[in-house]
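Participant: Quick one: sequence and predicted model below, then my questions.
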Amino acid sequence: SVVSPGDTVRYAVTVRNAGGQPLTGVTGSLPAPTNGSFVVDSGRTPDGGEVVIADAVATFSLPDIAGGASRTVTVDVRVDDPLPAGVSRIQTQGPVTADGVETVLTDDPALPGAQDPTRTTVTTPHPALTATLGGGAAYYVSFDNVAVGTAIGEGLVKGMKAGGKDTGPVVLLNGSPTDN
């Protein structure tokens, strides 16, 4: 699915016990991604436990996890809108620990290797220009990110027809009008 600025993304941390003995004292934390913020009260532990979101960090504790079992924590993040120029993803990673075991970092299962930060690609839609022409027909012109001077310099003036009637000139800026 496509994630855009202003969208809400749900992150799920799944803690698995690959051993035969129960994991006790399971805790972890996840910082809010740069260019994103946690949605207030969005932390959930459907299998029991607690999530506290404070100071841009979601901290969680889970009940014991039996050998071969897992528990999940979810938190929602709202992507900043607008994003700074050049930013095309958000990412986060946090530590998880339990009694008697070494701390591990969360891992993005979509990436090879272990303990990679979870990366979410954010697509910024191209700007759209709306113009009303002639008998009130609305046309939407979208254009690629180009400098305004360049776009105007490369613009084309063409006549348009809507419902068989000439609507007059339309300026095309590196795009095509569509009748919506």
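Facilitator: Sure thing, it's come through.
Participant: switch to C-alpha atoms for all contacts and neighbour counts from now on
Facilitator: Fine.
Participant: Report how many residues lie close to the closest residue to Ala66 other than its chain neighbours.
Facilitator: Spatially, and ignoring its direct neighbours in sequence, Ala66 is nearest to Pro22 (4.2 Å; C-alpha to C-alpha, 6 or more residues apart in numbering). Here the count is done by other C-alpha atoms under 10 Å, and Pro22 has 15 residues near it.
Participant: Where does the prediction get shaky in this structure?
Facilitator: Applying pLDDT under 70 to the chain flags the ranges 1, 126-180.
Participant: Tell me where it has helices.
Facilitator: Ranges of helices in the chain, per DSSP state H, are 148-154.
Participant: wait, doesn't Ala56 sit right on Pro31?
Facilitator: Yes. If you go by C-alpha atoms under 8 Å, Ala56 and Pro31 touch, sitting 6.0 Å apart.
Participant: Settle it for me: which of those two has more neighbours?
Facilitator: Ranked by neighbour count (other C-alpha under 10 Å), Ala56 and Pro31 place Pro31 first, with 19 against 15.
Participant: quick one: contacts for the more buried one?
Facilitator: By C-alpha atoms under 8 Å, 6 or more residues apart in numbering, the contact list for Pro31 reads 56-58, 92-94.
Participant: how many neighbours does Ile53 have?
Facilitator: Neighbours of Ile53 using other C-alpha under 10 Å come to 20.
Participant: Right, I'll call it a day here.
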